[in-house]
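Trainee: Just to be clear, the model below is a prediction. Sequence and coordinates:
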Amino acid sequence: MLRRIRTRLPVMATCLAVGLLSGCNGGDDAGDAERFCGEVQVNAERLTQPGLQFTDDIEPFLNLYREIGALAPIAIELEWDQLIDAYETASTVVPGDPESEQSALAAIFSTEKSAAAIDSWLETNCAVDIGPVFTIVAQDS
């Protein structure tokens, strides 16, 4: 039987996802910026409001980020990959284990700058506004 995720993972994942998403203006970037932008636009709700309720909801969410990340232009590829790494770490949380929870929190908080950079890049290059990026420390974008 599926067990409900009872940690802050769903809230953190949603907050972070709101700050990360698409890109779309070829330029000198490698990857496929046009497809990247299109996929982010089409999947914006799934990326920013994943509705993670059960442990089985996590892998499809991670796969969506990985699939779109494969299209990421070089300009934001590293930042996108950092988000995926943080989500992967958060997906390993053992509810009630303080060390596990702290490891996930540290991974999530370490990607604030990346989330803000992706948000800014998407707005500038794709005209995609994924909503506000919630951070602990103010980020220049």
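Mentor: Cool, got the structure.
Trainee: Show me the helices in this structure, by range?
Mentor: For the chain, applying DSSP state H gives helices covering 9-18, 33-48, 58-69, 74-90, 98-109, 112-126.
Trainee: so what pLDDT did residue 93 get?
Mentor: We have a pLDDT of 91 for residue 93.
Trainee: pull the helix or strand with minimum mean pLDDT from this structure.
Mentor: helix 9-18 (a mean of 42; mean pLDDT, DSSP states H and E).
Trainee: Tell me which of the helices of the chain lies nearest to residue 132.
Mentor: helix 9-18 (6.6 Å; CB to CB). For every residue, glycine as well, the C-beta is placed using N, CA and C.
Trainee: want to try CSV for the helices of the chain, with distance to residue 133 as columns?
Mentor: As requested, these are exported to CSV (distance: least, CB to CB, whole Å):
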stretch, distance to residue 133
helix 9-18, 6
helix 33-48, 10
helix 58-69, 16
helix 74-90, 11
helix 98-109, 12
helix 112-126, 5
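Trainee: Could you export those to TSV, including columns for mean neighbour count?
Mentor: Below are the helices of the chain laid out as TSV (neighbours: other CB atoms under 10 Å):
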stretch	mean neighbour count
helix 9-18	21
helix 33-48	19
helix 58-69	16
helix 74-90	20
helix 98-109	15
helix 112-126	21
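Trainee: and those helices, which one's lowest on average pLDDT?
Mentor: Minimum mean pLDDT among the helices of the chain: helix 9-18, a mean of 42.
Trainee: Residue 96 and residue 110, how far apart?
Mentor: Residue 96 sits 23 Å away from residue 110 when distances are taken as CB to CB, to the nearest Å.
Trainee: Compare the two and say which is more crowded by neighbours.
Mentor: Neighbour tally, residue 96 and residue 110, criterion other CB atoms under 10 Å: the higher count belongs to residue 110, 13 against 9.
Trainee: hang on, the more buried one packs against residue 85?
Mentor: No - using CB atoms under 8 Å, residue 110 is not in contact with residue 85, being 9.1 Å away.
Trainee: ok, residue 86 - contacts?
Mentor: 16, 107, 108, 110, 111 (CB atoms under 8 Å, 6 or more residues apart in numbering).
Trainee: Dump these to JSON lines, plus distance to residue 42.
Mentor: Formatted as JSON lines, the contacts of residue 86 follow (distance: CB to CB, whole Å):
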{"residue": "16", "distance to residue 42": "20"}
{"residue": "107", "distance to residue 42": "27"}
{"residue": "108", "distance to residue 42": "25"}
{"residue": "110", "distance to residue 42": "28"}
{"residue": "111", "distance to residue 42": "23"}
